[in-house]
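>>> Sequence below, structure please.
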Amino acid sequence: MALAKSWNSVEAKKAKTGEYPEALPTGADSIGDRDVYISWIRDCDARKSHALLLENNQVNDLLKIRALLFRGQLEEAEAIIQKLQGPDVAPEERLEALLEQSRLAAFRGDWQLVHSLSSEAIRSGNLESISYLSALQVHALSCYELGDLLSSIKTLEIAESLATVYPFSISTLYSKVLKARVSARAQSIESGVQLIQQIWQGVRQSGRTPTADSIHAIVFGMIDIAKYSRVMGNKPRSLEKLALISFHMTEAMGEQLYSALASLDATIIGPLEHRGWFLNQLASARREFKRIDLLAQEVLEGKDPSSLSSSTLEALKREALKNGAQKIELNSQSQALLSVNHIVFAEYQWAFQLKPWKAVDLNRHPQILSALTVLSAGNLSKADFFARVWGNARYTSHLHDSSIYYVLNRIKKLTGASFVTRDGIIQANDGVITL
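Numbers count the residues shown, from 1 in each chain. Next up is the predicted model:
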């Protein structure tokens, strides 16, 4: 059995059951392959995956490509793809390399090439079903970015059938999020938001601890829908915070390209006081990634948009200038940004520690959820905190401080986020973003 087919069987089993494989494919290196797979798929740690590649040269080429892509090492990934397309390579390997080539084109923002390569992979009729699902998802994304929403919907409908077989595949989640993004534009913003809500419900109903990659995929979809909502004249309150959340999640995962994409978002739609800092971040990213430089030219410098995402962001920039927003100035100092390590989604009842990754289902801890929501308002007195969490305005220090400190300690134990009390005031924690 070809190694590509063996790896697909492992991937398919995980995508069906949600269980990470203990056994490795025939012919796989027992240490390097397993460690890279786990660090990439389960831990969502692109830095660790890359380090393991540097340490062990025997890792399977397909795993190398995927780990390198998410680390932003695009040229290195391309070299391996080209090697797998040689005439002496098994047909299964060449076909998988074609799929990886389409992913590489997506990382570079060449959506016409993504469309062409993914179409070729789909038409071949020889992809394993789990790879076919991935090809459909990538193809639907290219249709979306090229503005062909009808074709994107049709492709996603096919992917939905396979998603019933592979409910735990990350491609299934990507497809669901993309469907929400398409629906927001093709039908209504409300329909897109509703689909995002259903995805959050599915995260809880799965009974599995969500990975950082899966949560960021949802956040990415939420940002896209919120951006479109702003373009359509609405004022989604979540947009600025979502931009920050996306940046901090990708930074924690070590996904350099997506961190740069989040920086571009935050430069245009993030909190005004941080936009100069993100613009500074973009300078180095533009030199490193063609996709980022292309997007920056289209969004910041007036070049004609080549994708739906860039045209949306460019419209948001024009809106900001129209409304008299100040010119973004470079700024290398933004200490508050450097400390964020906790995200709370109050509406969906989840809290996440970014590094090391930890997901806490706050649906099981309603008082903790209430307390975190109250604390998101900033500094507040113990009396105000007690009144808002317990619904009792009659605060007495010697009677109620023990309850307050118990809750604060529970927050720290459950989520890792700590809140300090000084002179009767519970201090805001700059390391926590609450949405």
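>>> Quickly list the domain ranges of this structure.
Domain assignment for the chain by automatic domain parsing gives 1-147, 366-434.
>>> Start and end of the last one, how far apart?
Terminal residues of domain 366-434 are spaced 15 Å apart (Cα to Cα, to the nearest Å).
>>> can you give me the mean pLDDT across that domain?
Average pLDDT, domain 366-434: 93.
>>> Please apply the same query to the first one.
Averaging the model's pLDDT scores along domain 1-147 yields 87.
>>> before we move on, the earlier item: please work out which of the domains of the chain is packed deepest.
domain 1-147 (a mean of 19; mean count of other Cβ atoms under 10 Å). C-beta coordinates here come from the backbone N, C-alpha and C atoms, glycine included.
>>> gap between that domain and the chain center?
18 Å (Cα atoms, centre = their mean, to the nearest Å).
>>> same deal with stretch 255-265?
10 Å.
>>> Take that stretch, keep the C-alpha atoms, and write them as PDB.
The C-alpha coordinates for stretch 255-265 follow below in PDB (Å, rounded to 0.1, in the frame of the first residue of the first chain):
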ATOM      1  CA  GLU A 255       0.900  30.100  12.100                       C
ATOM      2  CA  GLN A 256       2.900  32.900  10.600                       C
ATOM      3  CA  LEU A 257       0.800  33.500   7.400                       C
ATOM      4  CA  TYR A 258      -2.500  33.600   9.200                       C
ATOM      5  CA  SER A 259      -1.000  35.900  11.900                       C
ATOM      6  CA  ALA A 260       0.000  38.300   9.100                       C
ATOM      7  CA  LEU A 261      -3.500  38.100   7.700                       C
ATOM      8  CA  ALA A 262      -4.900  38.900  11.100                       C
ATOM      9  CA  SER A 263      -2.500  41.800  11.400                       C
ATOM     10  CA  LEU A 264      -3.800  43.200   8.100                       C
ATOM     11  CA  ASP A 265      -7.400  42.900   9.400                       C
END
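>>> Go through it and flag the buried ones.
255-265 (16 or more other Cβ atoms under 10 Å).
>>> again, but for stretch 172-184
Per 16+ other Cβ under 10 Å, stretch 172-184 contains these buried residues: 172-184.
>>> what does stretch 149-164 give?
Neighbour-count burial for stretch 149-164 [16+ other Cβ under 10 Å]: 149, 151-153, 155-156, 158-159, 162-163.
>>> In helices, which of these appear?
149, 151-153, 155-156, 158-159, 162-163 (DSSP state H).
>>> Going by residue numbers, what spans are helices in the stretch 251-400 of the chain?
256-269, 275-288, 290-300, 308-322, 335-338, 366-375, 382-390, 397-415 (DSSP state H, counting those that start in this stretch).
>>> The stretch 101-250 of the chain now?
Assigned by DSSP H, counting those that start in this stretch, the helices in the stretch 101-250 of the chain fall at 111-124, 129-145, 149-163, 170-186, 189-205, 212-231, 239-253.
>>> Touching the shortest one from outside, list them.
Helix 111-124 is touched from outside by 95, 98-99, 101-102, 105-106, 127, 131-132, 135-136, 138-139, 141-143, 145-146, 306-307, with contacts defined as Cβ atoms under 8 Å, 6 or more residues apart in numbering.
>>> what do you get for the third one?
Contact with helix 149-163 is made by 129, 132-133, 136-137, 139-141, 143-144, 169, 171-172, 175-176, 178-179, 182, 185-186, as judged by Cβ under 8 Å, 6+ apart.
>>> Hmm, N392 is touching F386, no?
Yes. The pair N392 / F386 is scored as a contact, 6.7 Å apart, by Cβ atoms under 8 Å.
>>> any weak-confidence spans in the stretch 151-300 of the chain?
For the stretch 151-300 of the chain, no stretch is flagged by pLDDT under 70.
>>> if we go to 90?
In the predicted model of the stretch 151-300 of the chain, residues 207-208, 235-238, 271-277, 279-281, 284, 288-291 satisfy pLDDT under 90.
>>> hmm, back to that, can you redo the helices of the stretch 101-250 of the chain as TSV with distance to D401?
Listed next are the helices of the stretch 101-250 of the chain as TSV, based on distance: least, Cβ to Cβ, whole Å:
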stretch	distance to D401
helix 111-124	58
helix 129-145	52
helix 149-163	51
helix 170-186	44
helix 189-205	34
helix 212-231	35
helix 239-253	31
